[in-house]
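# My questions are about this predicted structure, shown below with the sequence.
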Amino acid sequence: MYCKLTFLRLAWLSVFTLPAIAQVNVLTFRNDNARTGLNPNELLLSPSNVKTGQFGRRVSHAVDGNVFAQPLYVAAVPMAAGGLSNIVLVVTDHDSVYAFDADAPAGADAGPIWQVSFLNAGAGVTTVPWQDVDCPVVYPEIGITGTPVIDLPTYTIYLVAFTKETAADGTVSYVHRLHALDIRSGRELAASPVEIQASVAGTGDGGTTVTFVPETYKQRAALLLANGVVYTAWSSHCDHGQYHGWIIGYSADTLQRVAIYNDTPNGSGASFWGAGAGPAADSNGNLFILSANGTFNATQSPADLGDSIIKLAPSAGLTVSDYFTPFNQLYLSDNDLDLGSSGALLLPPETGSAAHPNLLVAAGKEGRIYLVDRDLMGGAQTGSDQGAVQTIAGAVLPIFGAPAYFSGNIYFSGAGDSLKAFRIADASASPAAVSTSPEKFVSPGSSPVVSANGTQNGIVWALELGTGSGALHAFDAMDLSKELFEDAPSSYVQFSSPTVVDGKVFVGTLDSLVVYGLLPGAAASIAGVVNGASFNSAVAPGSLLSIFGSNLSKATVTAQQIPLPVSMADTSVLINGVRAPLLYVSPGQINAQVPSQTATGTATVAVETSGALTPSASITVTSAAPEIFIASASRLLAFNQDGSVNTAANPAAAGTIISVYLTGQGSLASPAASIGNLPAQIAYAGPVSGTVGVAQINLKVPALQAGDYQLSVSIAGVQSNSGLIAIK
């Protein structure tokens, strides 16, 4: 069909230099399965604009309980109610799940798009009071605590809810259930929920079997989706009772249980909590997780692996393929200095060496940093940690949470310690911090995350959680002595991480989701709205259009993925109040698509940037408004049969096929074309693969004398613009 999509895009946007951006989603704890905490595609926020007066709190969404879990973000979701929305998913310990409009402007209705609760007081289903488990760490109730995980291709969010259920006869049971919800509507999927149950062979409970007892455990660690399996990890309530570290996996498709691992089947303890950090996974599907204080005995099979970094292969459910246990494991266990107060960070190949290309880094309550080869972890250490690639004793104060990585730096935030950056290259970390924050974080420290544009504009974000109302901090990632911003988000929860995406920072609190972003600057205005192909006024549902004006965006960005985003650089276009898919945003021009559900007649167009709306402009929408893309004021963008651009110096021969592209084609009913007032036979009329809002028409050049001729098309009787093509 002689499609030249690259030329088409360049013709439309040729006067601009366009940086590319992939659609950014935060689908899992700390952004990826390596648990780096890094968003490397943040084009708007930078050390130059994240400062008081330019950046601040924009909107707050009320929720019904504590938000221990990291908020998750999904762009351009086709909602069940219609249209595309960027949504942020929040879960609470009151057993609720919320979906909020991630782009809700300040002062707008901050209610959820949808909300699901797993409670039913009338049927005796409630959350679990902290007194029932005698552990006030998650207070005052336990419901959904661990960060969920989202499968983007199926728009499914997986989470674990904990409930107390009292039968009519007064019998009380405690139940953990894995739920799978459609993020487009909140609807529970057909196979959902399933009750968490498991048992393994072992003598740890005094018999021949070790059984998962729901009341004994909380699902504190973040969920992991890898190998098509949703993995849940389990911890105790304040080290009470006889407990173990469990990982229980379920098929993402069927929710059938497919994996069970217990790290102390013949002993006790060694839970998986990580201050909320979930297991990490590499590209081969191997899991890496840190166990807390408990029994260690590697001489029996299966081994008990307290205070260890454990590698689990996905074969046969889950199988221990390697591990690293510090030489002072017994001391750590006896003194409640569990290694498992944090999570494993899988470092990228750029940090390794030829001998050690695949590394992980971790640190626990002792404050010792461990750099370990993921391919040869070293097993049980004696006398010293010689099996590690490197250890740094006393490097940080106790770690509760997870480190972050950016551009050759590892960031740790310990209890009562400064935020610290350690440089790493060639499988070697600096023995002391190369950069530190000017202030110390009160206990329990923080789980920092990083936003950046590639290797530029790095910002470390950290929630200080230990005093007063807490604080959101932002530091220059290359120099932590430069604090860029600080604000109290109204309340705090322990061990939580913010989510930074599309120019906004999402923070969970005791009773809300607080959204930060750049504050409105100079007032934006719309000068004109035109068809994106011809710059005429005609548009139809699905048309591409261009908006011209001033201060329309604080950055210049082009989309490179389908579905198109509905917000880029914290900028949206609303047509009749519906967010339009975006191709390009800049201060002076925005290219967007008219939502397909837009009704014919007069429609309003407004631009929202940094939470502020422009005055609206009006456009007229008709069922068909075909407009051909133009190359210049008088000449169409057309391609000859050999794929070359049609120009006066490169004309098309009579009898050959020429291709033009248009938008506003509607249903593409009854297409017709003419060249030089002669009918032109249409060889093809249809959509262009890999685009939105664009149709292609291939037509046969009639027998005409050499020269320039007007070409036009009509759709459903509506005539397009016309322009010149050259014929030889």
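Ah, there it is.

# so Ile247 makes contact with Thr232?
Yes. The pair Ile247 / Thr232 is scored as a contact, 7.1 Å apart, by Cβ atoms under 8 Å. C-beta here means a position set from N, CA and C on the backbone, and glycine is covered the same way.

# Compare those two (neighbour count), which wins?
Thr232 (28 against 25; other Cβ atoms under 10 Å).

# how many other residues sit next to the closest residue to that one other than its chain neighbours?
Nearest residue to Thr232, sequence neighbours excluded (Cβ to Cβ, 6 or more residues apart in numbering): Ile248, at 5.2 Å. Ile248 has 25 neighbours, counted by other Cβ under 10 Å.

# Equivalent analysis for Glu165, please.
Neighbour count of Glu165, defined by other Cβ under 10 Å: 15.

# List the buried residues for the host helix or strand of it?
Here Glu165, judged by DSSP states H and E, is contained in strand 156-166. Residues of strand 156-166 classed as buried: 156-164 (neighbour count, 16 or more other Cβ atoms under 10 Å).

# pLDDT averaged over that strand - what is it?
Here strand 156-166 scores 98 as its mean pLDDT.

# can you check stretch 289-306 too?
For stretch 289-306, mean pLDDT is 95.

# in that stretch, what counts as buried?
Buried residues in stretch 289-306, counted by 16+ other Cβ under 10 Å: 289-296, 302-306.

# Going by distance to Pro565, which of those residues wins?
For the buried residues of stretch 289-306, the closest approach to Pro565 (Cβ to Cβ) belongs to Ile289, at 33.9 Å.

# isn't the closest one right next to Ala344, touching?
Yes. Look at Ile289 against Ala344 with Cβ under 8 Å: they come within range, at 6.6 Å.

# Give the intersection of the neighbour lists for the two.
279-280, 309 (Cβ atoms under 8 Å, 6 or more residues apart in numbering).

# Nearest to Phe118, out of the buried residues of strand 156-166: which one, please.
Using Cβ to Cβ, Ala161 is the member of the buried residues of strand 156-166 that sits closest to Phe118, with 4.5 Å.

# List the beta-bridge partners for that closest one.
Ala161 has these beta-bridge partners by DSSP bridges: Arg177.

# Next, the contact list for it, please.
Ala161 makes contacts with 95, 118, 143-144, 176-177, 179, 193, as judged by Cβ under 8 Å, 6+ apart.

# Let me have those residues in JSON lines, adding neighbour count as columns.
Formatted as JSON lines, these follow (neighbours: other Cβ atoms under 10 Å):
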{"residue": "Asp95", "neighbour count": "26"}
{"residue": "Phe118", "neighbour count": "21"}
{"residue": "Gly143", "neighbour count": "26"}
{"residue": "Ile144", "neighbour count": "27"}
{"residue": "His176", "neighbour count": "23"}
{"residue": "Arg177", "neighbour count": "17"}
{"residue": "His179", "neighbour count": "23"}
{"residue": "Pro193", "neighbour count": "19"}
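
# how far away is Val493 from Ala429?
As judged by Cβ to Cβ, to the nearest Å, Val493 and Ala429 stand 30 Å apart.

# same deal with Gly285?
27 Å.

# just Gly249 next, same as before
Gly249 sits 32 Å away from Ala429, going by Cβ to Cβ.

# try Val200
Distance of Val200 to Ala429, given as Cβ to Cβ: 37 Å.

# Among the two, which residue is more densely surrounded?
Between Val200 and Ala429, counted using other Cβ under 10 Å, the more crowded position is Ala429 (23 against 16).

# so that one makes contact with Leu359?
No. Ala429 sits out of contact with Leu359 when judged by Cβ under 8 Å, with a separation of 9.4 Å.

# which residues are in contact with both of these two?
Counting by Cβ under 8 Å, 6+ apart, the common neighbours of Ala429 and Leu359 are Leu371.

# Please identify the helix or strand for Ala683.
Assigned by DSSP H and E, Ala683 falls in strand 682-687.

# Now do that strand: which elements does it pack against?
Packing contacts for strand 682-687, counted by 3 or more Cβ pairs under 8 Å, 6 or more residues apart in numbering; DSSP states H and E, involve strand 695-700.

# Going along the chain, name the helices of the stretch 301-450 of the chain.
With DSSP state H, counting those that start in this stretch as the criterion, the stretch 301-450 of the chain has helices at 329-334.

# Give me the domain ranges for this structure.
Annotated domains of the chain cover 5-21+521-621, 32-37+58-517, 627-727 [automatic domain parsing].

# Quick one: distance of the shortest one to the chain centre.
Which is domain 627-727. Averaged C-alpha coordinates place domain 627-727 at 41 Å from its chain's average position (Cα atoms, centre = their mean, to the nearest Å).

# Please apply the same query to stretch 299-319.
30 Å.

# Tell me which two of the buried residues of stretch 289-306 sit farthest apart.
Using Cβ to Cβ, the pair of those lying farthest apart is Asn293 and Pro302, separated by 18.9 Å.

# where does this protein have low pLDDT?
1-22, 106-110, 466-469 (pLDDT under 70).

# Go again with 50.
Residue ranges of the chain with pLDDT under 50: 1-21.

# returning to what we had before: nearest to Ala631, of the shared contacts of Ile289 and Ala344?
For these, the closest approach to Ala631 (Cβ to Cβ) belongs to Ala280, at 50.9 Å.

# residues near the closest one, how many?
When neighbours are counted by other Cβ under 10 Å, Ala280 registers 28.

# And for Asn25?
Residues near Asn25, counting by other Cβ under 10 Å, number 18.

# Let me see the contact set for it.
Asn25 makes contact with 73-75, 150, 152, 501 under the criterion Cβ under 8 Å, 6+ apart.

# Which of the residues you listed fall within helices?
With DSSP state H as the criterion, helices contain none of the contacts of Asn25.

# and the closest residue to Leu518 other than its chain neighbours, backbone torsions?
Leaving aside its chain neighbours, Leu518 sits nearest to Ser610 (4.6 Å; criterion: Cβ to Cβ, 6+ apart). Main-chain dihedrals, Ser610, degrees, to the nearest 10: phi 50, psi 40.

# From what I see, Ser610 and Val515 are in contact.
No. Here Ser610 lies out of contact with Val515, judged by Cβ under 8 Å, at a distance of 11.7 Å.

# just to revisit the earlier point, reformat the domains of the chain as TSV; add distance to Thr52.
Listed next are those as TSV, based on distance: least, Cβ to Cβ, whole Å:
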stretch	distance to Thr52
domain 5-21+521-621	14
domain 32-37+58-517	6
domain 627-727	40
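
# Compare those domains and give me the one nearest Leu44.
With Cβ to Cβ, the closest approach to Leu44 among the domains of the chain belongs to domain 32-37+58-517: 3.6 Å.
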